[in-house]
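Chemist: 3D, please:
(4 chains)
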Protein chains: 2
Amino acid sequence: MATIGDVARVAGVSRSTASYALSGKRAISAAVRRRVEDAVRELGYTPNAGARALATSQTMVIGLLAQFLEDEFAPAMLQYMLGVSDTARELGYDILLSTEADGRNALRRMTDSRMVDGIVLLNVAEHDDRLPILRAAPQPGALVGLPADCTGVDVFDLDFEDAGRLMVDHLHRLGHRELVLVSQPEHVVERGGAYVWRLQNAAIEAARVRGISLHATFASSSQPDVARELGALLDAHPQATGLLVNNEAAAAALPTVLHARGLTAPADLSVVGRYSDEFARTFSLPYSSIESAPDRLGRMAVRELVRRIEGQAGPDEPHVVRFVSPELVDRGSTAAPREG
Amino acid sequence: MATIGDVARVAGVSRSTASYALSGKRAISAAVRRRVEDAVRELGYTPNAGARALATSQTMVIGLLAQFLEDEFAPAMLQYMLGVSDTARELGYDILLSTEADGRNALRRMTDSRMVDGIVLLNVAEHDDRLPILRAAPQPGALVGLPADCTGVDVFDLDFEDAGRLMVDHLHRLGHRELVLVSQPEHVVERGGAYVWRLQNAAIEAARVRGISLHATFASSSQPDVARELGALLDAHPQATGLLVNNEAAAAALPTVLHARGLTAPADLSVVGRYSDEFARTFSLPYSSIESAPDRLGRMAVRELVRRIEGQAGPDEPHVVRFVSPELVDRGSTAAPREG
DNA sequence: GCCCATCGTCGAACCGGTTCGCCAATCGCG
DNA sequence: CGCGATTGGCGAACCGGTTCGACGATGGGC
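Modeler: Numbers count the residues shown, from 1 in each chain, chains lettered A, B, ... in the order given. Have a look, this model is predicted:
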């Protein structure tokens, strides 16, 4: 494999001159620059990433930590990953991926050994045990998901409170007076999936303000349990005319469940989910939903991270906590309630 | 950040001694080893990955090329990625991920700049344009998917021919005499998705041998087109009693399509798919299927790749082409055909 | 015709590890 | 007791880049 020394020899210049000719960081005569460039082509030279990283302490790699926990719905996570990966590439960075269940190990390895210039954490929990490690690391970090303590990192998330209000308001405006909210399983909440109760609390409060009733429930996040639970839920609340689904697995299972009971949305039941348009297409979900914008969140996180890596953000420019406003994508699954 | 020089100074030894004490590649007295280890702990020392890569020409990183093409079903790809990622980590390697549509660029970048010790290519096409680049690279490569030319790489794939036969035989044995096979969209075939016609040809041949009729068709790989096409297909072949689905998107859409037409498997129609058990659970698919074993294939590819990287495979040990035998997972969606 | 800038290039040092060759001290053994 | 082998440690070189300081050759200004 050709090194810059080989390039220099073929071009008849010193190694440093070859380096400057390629980087343009010092003035180099046109003739020499041409000779160097020809040598590069002739030898098929590509700089050695490790050597460059050693010399510049820049790796042009971003670490991506995505945990595939049993109680998370994998296809939903994938879209965040793709948002991050695509954006990173556009900005000239590669992605070092960890899917380890214990993200702390991966994080330590990546940061301590300086394999990466920055870190993106997906699916961040209320008290995420990766955060202390990330804060102690010399590299900057960007999160998708809102933790209790945002110091030292840039944070991006959907505005789940607003999403909860939006769901309730939308159905209230159509005339619904009794709703059921299906959230992620309770142990996601216990593990610190704050977004679950952020949406839930806001929905409960909105229902209270409007004077309508809302039954907040949890459901499993895997098949086939979730289908059974959804059925039980519909049995338990026969008066409810609207269903709010903040649980991707439940949303994916819903068509089958409704069909089996002979129900149609919105004729028998109005339904609003919280998932991305891409997700809706993949699972053929015909329900209106709050767009969760995973690609956009991934993109924002990487953009800000790179700004910080490259020092365009001032060294003590304060960190950012930015919420994406939820938007309701109408797929025609809501209407005025059936006459009860 | 602490370097090995710092460790050496604190331990009162030379840098080389510190290195040997940690690697164990030369005999070091117990006393010195302890002093070095204490220094490591005290300073929180972790070796710099770039420096080590430079010195050893080993990065302990594997490049993973996964293209998310529009006409592929993303959640299916994810399982291969996780199989690769998990296995790599078990063996001490990290994953450099590329999701670029143009895999050739990513491949060149990773191999030429020596960011990785080896490469895993997913979803390999018949005449995959990444292969020439991979062969020219100094790093070994492992593929998931069977190309026309397997020289210079290790190849792993499901035995799609066997899968096609298995599907047909299974339904034939139950008494079916007219079947429909739904494959991936035709442009997947044109792009070189050889597995599509490998399964299809074998199924056609098996049907011919058994003397039963089989209608081989293509269907879109995205919603909502695929649902419409499935409907048209069932209209076109009202006599068919068995449906073979070699198309993840079609399988995912099938429950809705059948429900809409008031059909039930296996009472009205026997169904056999080709997807993983994980996929079946995620999409609540109640159909028997040929297990596509993405995790296993990813695992095999990484295992063999690492063997080659670490030179346990002899330098001119011949390359491997290994097929996973398809197994039918019975989910009760097949039975004797309804009386026609 | 002289002086000072500027331009273009080179040599050397450095980033942080690993590894080879060498040597002093210790050990075993006859 | 002397000798060869072994053990444990050190110094230096190397991996392949980048970057700083120095320096000779021009060129412009007066």
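
Chemist: Where do the strands of chain A begin and end?
Modeler: Assigned by DSSP state E, the strands in chain A fall at A:61-65, A:94-98, A:118-121, A:141-144, A:154-158, A:178-183, A:213-218, A:242-245, A:270-274, A:288-290, A:321-324, A:328-329.

Chemist: State the mean pLDDT of the last one.
Modeler: Which is strand A:328-329. This predicted structure assigns strand A:328-329 an average pLDDT of 96.

Chemist: that older thread, kindly compare burial across the strands of chain A and name the winner.
Modeler: Highest mean neighbour count of the strands of chain A: strand A:242-245, a mean of 28 (counted as mean count of other C-beta atoms under 10 Å in any protein chain shown). C-beta: built from backbone N, CA, C; applies to glycine.

Chemist: shouldn't A:Ala18 be in contact with A:Val36?
Modeler: Yes. Judged on C-beta atoms under 8 Å, A:Ala18 makes contact with A:Val36 at a distance of 5.2 Å.

Chemist: out of these two, which sits in the more crowded spot?
Modeler: Using other C-beta atoms under 10 Å in any protein chain shown as the criterion, A:Ala18 and A:Val36 rank with A:Ala18 on top: 28 against 25.

Chemist: Any figure for the gap between the residue nearest to the spatial centre of chain A and DNA strand C?
Modeler: Of all residues in chain A, the one closest to the mean position by C-alpha atoms, centre = their mean is A:Tyr80, 3.7 Å from it. Look at A:Tyr80 and DNA strand C: by C-beta to the nearest atom of the strand, to the nearest Å, they are 33 Å apart.

Chemist: For B:Arg228, see how far away that residue is.
Modeler: In this view, A:Tyr80 and B:Arg228 are 30 Å apart by C-beta to C-beta, to the nearest Å.

Chemist: now do A:Phe73
Modeler: According to C-beta to C-beta, A:Phe73 and B:Arg228 sit 26 Å apart.

Chemist: Over to A:Gly152?
Modeler: For A:Gly152, the distance to B:Arg228 under the criterion C-beta to C-beta works out to 51 Å.

Chemist: swap in A:Glu310?
Modeler: From A:Glu310 to B:Arg228 the distance is 48 Å (C-beta to C-beta).

Chemist: Touching, A:Leu258 and A:Ala267? I think so.
Modeler: No. Under the criterion of C-beta under 8 Å, A:Leu258 makes no contact with A:Ala267, lying 10.5 Å away.

Chemist: now the helix or strand of chain A with the lowest mean pLDDT: how far from the chain's centre is it?
Modeler: Within chain A, confidence by mean pLDDT, DSSP states H and E is lowest for helix A:186-190 among all helices and strands, at a mean of 77. Relative to the chain's own centre, helix A:186-190 is displaced by 19 Å; criterion: C-alpha atoms, centre = their mean, to the nearest Å.

Chemist: Any idea what the residue of the stretch 151-300 of chain A found nearest DNA strand D is bridged to?
Modeler: Among all residues of the stretch 151-300 of chain A, A:Asp154 sits closest to DNA strand D, at 25.7 Å; criterion: C-beta to the nearest atom of the strand. Going by DSSP bridges, A:Asp154 is paired in beta bridges with A:Ala142.

Chemist: doesn't A:Leu146 make contact with it?
Modeler: No. Judged on C-beta under 8 Å, A:Asp154 makes no contact with A:Leu146 at a distance of 11.6 Å.

Chemist: May I see the buried residues of stretch A:44-60?
Modeler: With burial defined by 16 or more other C-beta atoms under 10 Å in any protein chain shown, the residues of stretch A:44-60 counted as buried are A:45, A:47-54, A:59-60.

Chemist: So which of the residues you listed sit within helices?
Modeler: Using DSSP state H, the members of these that fall in helices are A:49-54.

Chemist: before we move on, back to that, which secondary structure elements does the least confident helix or strand of chain A contact?
Modeler: Packing contacts for helix A:186-190, counted by 3 or more C-beta pairs under 8 Å, 6 or more residues apart in numbering or on different chains; DSSP states H and E, involve helix A:194-210.

Chemist: and the angle from the helix it packs on to strand A:178-183?
Modeler: With axes from the mean of the first three to the mean of the last three C-alpha atoms, to 10 degrees defining the directions, helix A:194-210 sits at 170 degrees from strand A:178-183.

Chemist: per-residue confidence averaged over helix A:194-210?
Modeler: For helix A:194-210, mean pLDDT is 93.

Chemist: what residues does it touch?
Modeler: With C-beta atoms under 8 Å, 6 or more residues apart in numbering or on different chains as the contact definition, helix A:194-210 has outside contacts at A:125-126, A:145-148, A:157-158, A:160-165, A:167-169, A:172, A:179, A:181, A:183-184, A:188-189, A:213-214, A:216, A:244, A:246, A:274.

Chemist: what comes up buried for that helix?
Modeler: Along helix A:194-210, these residues count as buried under the neighbour rule (16+ other C-beta under 10 Å): A:194-200, A:202-204, A:206-207, A:210.

Chemist: what's the offset of it from the middle of its chain?
Modeler: 22 Å.

Chemist: domains of chain A?
Modeler: If you go by automatic domain parsing, the domain ranges for chain A are A:4-47, A:61-157+A:294-324, A:160-292.

Chemist: Just put those domains in JSON lines and tack on distance to B:Leu263.
Modeler: Below are the domains of chain A laid out as JSON lines (distance: least, C-beta to C-beta, whole Å):
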{"stretch": "domain A:4-47", "distance to B:Leu263": "57"}
{"stretch": "domain A:61-157+A:294-324", "distance to B:Leu263": "26"}
{"stretch": "domain A:160-292", "distance to B:Leu263": "12"}
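
Chemist: So which of the ones you listed is nearest B:Gln139?
Modeler: Checking the domains of chain A against B:Gln139 by C-beta to C-beta gives domain A:4-47 as the closest, at 13.2 Å.

Chemist: Can that closest one be said to contact DNA strand C?
Modeler: Yes. Using C-beta under 7 Å from any atom of the strand, a contact is recorded between domain A:4-47 and DNA strand C, made by A:12-17, A:20, A:26-29, A:31-32.

Chemist: buried stuff in stretch A:164-171?
Modeler: Using 16+ other C-beta under 10 Å as the burial criterion, the residues of stretch A:164-171 that qualify are A:164-171.

Chemist: List of residues touching it?
Modeler: Contacts of stretch A:164-171 with the rest of the structure, by C-beta under 8 Å, 6+ apart, involve A:179, A:181, A:198-207, A:210, A:212, A:214, A:242, A:244, A:246, A:270, A:272, A:274, A:290, A:326, A:328, A:334.

Chemist: could you give the mean pLDDT of that stretch?
Modeler: Rounded to a whole number, the mean pLDDT of stretch A:164-171 is 96.

Chemist: Then stretch A:309-325?
Modeler: The predicted model assigns stretch A:309-325 a mean pLDDT of 88.

Chemist: picking that back up, save the strands of chain A as CSV, and put in distance to DNA strand C too.
Modeler: Written out in CSV, the entries for those read as follows (distance: least, C-beta to the nearest atom of the strand, whole Å):
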stretch, distance to DNA strand C
strand A:61-65, 16
strand A:94-98, 18
strand A:118-121, 18
strand A:141-144, 21
strand A:154-158, 26
strand A:178-183, 46
strand A:213-218, 47
strand A:242-245, 50
strand A:270-274, 46
strand A:288-290, 47
strand A:321-324, 33
strand A:328-329, 50
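
Chemist: can you put the ones you listed in CSV and add distance to B:Ser221?
Modeler: Shown next, in CSV, are the strands of chain A (distance: least, C-beta to C-beta, whole Å):
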stretch, distance to B:Ser221
strand A:61-65, 26
strand A:94-98, 25
strand A:118-121, 29
strand A:141-144, 28
strand A:154-158, 29
strand A:178-183, 30
strand A:213-218, 34
strand A:242-245, 26
strand A:270-274, 23
strand A:288-290, 22
strand A:321-324, 29
strand A:328-329, 22
